[in-house]
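Student: Okay, structure incoming, though there's no sequence with it:
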Ligand SMILES: [Zn+2]
Ligand SMILES: [Zn+2]
């Protein structure tokens, strides 16, 4: 076993504390990674505040450097720069896995933290830590041209918006709406713009969208303005809704063009809409979550080619509780990333 410093949540309401945890000995296909940057995801907050899952080390979007490899590793060498997202294993045999959509594995994918290791049954612990150990299949080469800190959030927030954008054909000639300009939303804007789509941002706050055009937004719609929303009726081919607060989906369904699709990513617990809005224009309501190995690699290749990273605020890892507290009150633009070398 290898010991590694990590920030541990020991209860649902106490600050994380720096402790030492164990990482498994390397299996033949494992790589051990010195974590450099780890993004702070809304899921981390959610899992910290949940009861019954402690002790817990959060962190499931990170980059780092390979420091050791198992005997049968073929894809990486010591010293390689790599990235890991929120899935580190899956059954490998179901239809979802065979399609490269391990995120939908029918036997449930092994999550990067809070999951159950498929070999020894231990609970996985995340990358708010100095090192991480994972099977090479779920480890990706870090695109050389990109700032590593800005790549970390691509591994969860980025892939979550990338897969629906690509699946529903965001590209030249398409008009794509993005609801919300947070961690997911700002990456949806960047990817949709780079894919060649016209990008319409729906936001409650004109102030928040002040620099939206620099991200790739072509048009801003203030969603609290009923006339502005009416003006969008039947205009959009695809809408990626990243807003997490409960809200009525009907105005966005009405904003879809014929055969358009609204992909709800943020507010699944409280979906409300008028079904008649779907009927008029043969519209679809859909959802998606995270991504598989195939999509993640494609996203990283695209990000490398187009110079796309998340806009991040980097904090030393020792400020992890400040980052979590600021994220809680939405004081972030657009993602916190922890420098794990600064514990
Ligand atoms: Zn996440
Ligand atoms: Zn599977």
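Tutor: All right, it came through fine. Note that the structure is predicted; figures quoted are calculated from it, not measured. Ligands and ions are numbered 1, 2, ... in the order given.

Student: What average pLDDT does stretch 253-262 get?
Tutor: For stretch 253-262, mean pLDDT rounds to 98.

Student: Stretch 274-285 now?
Tutor: For stretch 274-285, the mean per-residue pLDDT is 97.

Student: Equivalent analysis for stretch 51-59, please.
Tutor: Mean pLDDT, stretch 51-59: 97.

Student: And that stretch, end to end?
Tutor: Stretch 51-59 stretches 17 Å from its first residue to its last (Cα to Cα, to the nearest Å).

Student: ok, now stretch 67-79?
Tutor: End-to-end span of stretch 67-79 (Cα to Cα): 6 Å.

Student: What of stretch 266-275?
Tutor: Taking Cα to Cα, the span from the opening residue of stretch 266-275 to its closing residue is 19 Å.

Student: and what of stretch 187-204?
Tutor: End-to-end distance (Cα to Cα), stretch 187-204: 18 Å.

Student: what does stretch 210-227 give?
Tutor: One end of stretch 210-227 sits 21 Å from the other (Cα to Cα).

Student: and what of stretch 203-214?
Tutor: 16 Å.

Student: Going by neighbour count, list what's buried in it.
Tutor: 203, 204, 208, 209, 212 (16 or more other Cβ atoms under 10 Å). Using the backbone N, CA and C atoms, a C-beta is placed for each residue, glycine as well.

Student: Pairing partners for the lengthiest strand in the chain, with directions?
Tutor: Taking DSSP state E as the criterion, the chain has its longest strand at strand 30-40. Strand 30-40 has its sheet partners listed here by DSSP bridges as strand 62-69 (antiparallel), strand 131-135 (antiparallel), strand 335-339 (antiparallel).

Student: Tell me how far stretch 281-300 lies from the chain's centre.
Tutor: 12 Å (Cα atoms, centre = their mean, to the nearest Å).

Student: same question but for stretch 15-34, I mixed them up
Tutor: The answer for stretch 15-34 is 22 Å, by Cα atoms, centre = their mean.

Student: Can you give me the neighbour number for the closest residue to residue 139 other than its chain neighbours?
Tutor: Sequence neighbours aside, residue 82 is the residue nearest to residue 139 in space, at 5.1 Å (criterion: Cβ to Cβ, 6 or more residues apart in numbering). Residues contacting residue 82 under the criterion other Cβ atoms under 10 Å number 23.

Student: what are the phi and psi values for residue 82?
Tutor: phi -140, psi 170 (degrees, to the nearest 10).

Student: coming back round to it: would you report which members of the buried residues of stretch 203-214 are assigned to strands?
Tutor: Counting by DSSP E, the part of those found in strands is residue 203.

Student: And the buried residues of stretch 203-214, which is the shakiest by pLDDT?
Tutor: residue 208 (79).

Student: quick one: secondary structure of the residue nearest to that one when sequence neighbours are not counted?
Tutor: Once flanking residues are discounted, residue 208 sits nearest to residue 181: 5.7 Å by Cβ to Cβ, 6+ apart. Under DSSP: H, G, I helix; E, B strand; the rest coil, residue 181 falls in the coil class.

Student: and residue 181, what does it touch?
Tutor: Residue 181 makes contact with 189, 201, 203, 208, 209, 212, 215, 334, according to Cβ atoms under 8 Å, 6 or more residues apart in numbering.

Student: And for residue 105?
Tutor: With Cβ under 8 Å, 6+ apart, residue 105 has these contacts: 90, 91, 94, 96, 97.

Student: Take those and lay them out in TSV including secondary structure and neighbour count.
Tutor: Output for these, formatted as TSV (DSSP: H, G, I helix; E, B strand; the rest coil; neighbours: other Cβ atoms under 10 Å):
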residue	secondary structure	neighbour count
90	coil	25
91	coil	16
94	coil	15
96	helix	18
97	helix	20
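
Student: Which strand or helix spans residue 21?
Tutor: Per DSSP states H and E, residue 21 falls inside strand 17-23.

Student: how much does that strand deviate in direction from strand 30-40?
Tutor: Orientation check (axes from the mean of the first three to the mean of the last three Cα atoms, to 10 degrees): strand 17-23 against strand 30-40 gives 160 degrees.

Student: residues near the closest residue to ligand 2 within the stretch 201-343 of the chain, how many?
Tutor: Among the residues of the stretch 201-343 of the chain, residue 292 lies closest to ligand 2, at 9.9 Å counting by Cβ to the ion. Close neighbours of residue 292, defined as other Cβ under 10 Å, add up to 24.

Student: From residue 172, how far off is the nearest residue to it once chain neighbours are set aside?
Tutor: Setting aside the residues directly before and after it, residue 292 is nearest to residue 101 in space (Cβ to Cβ, 6+ apart), at 4.1 Å. For residue 101, the distance to residue 172 (Cβ to Cβ, to the nearest Å) stands at 26 Å.

Student: quick one: which of these two has more around it?
Tutor: residue 101 (21 against 8).

Student: Could you pull up the residues touching that one?
Tutor: Residue 101 neighbours (Cβ under 8 Å, 6+ apart): 291, 292, 294, 295.

Student: These into CSV, with extra columns for pLDDT and secondary structure?
Tutor: Shown next, in CSV, are these (pLDDT from 0 to 100; DSSP: H, G, I helix; E, B strand; the rest coil):
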residue, pLDDT, secondary structure
291, 97, coil
292, 98, coil
294, 97, helix
295, 98, helix
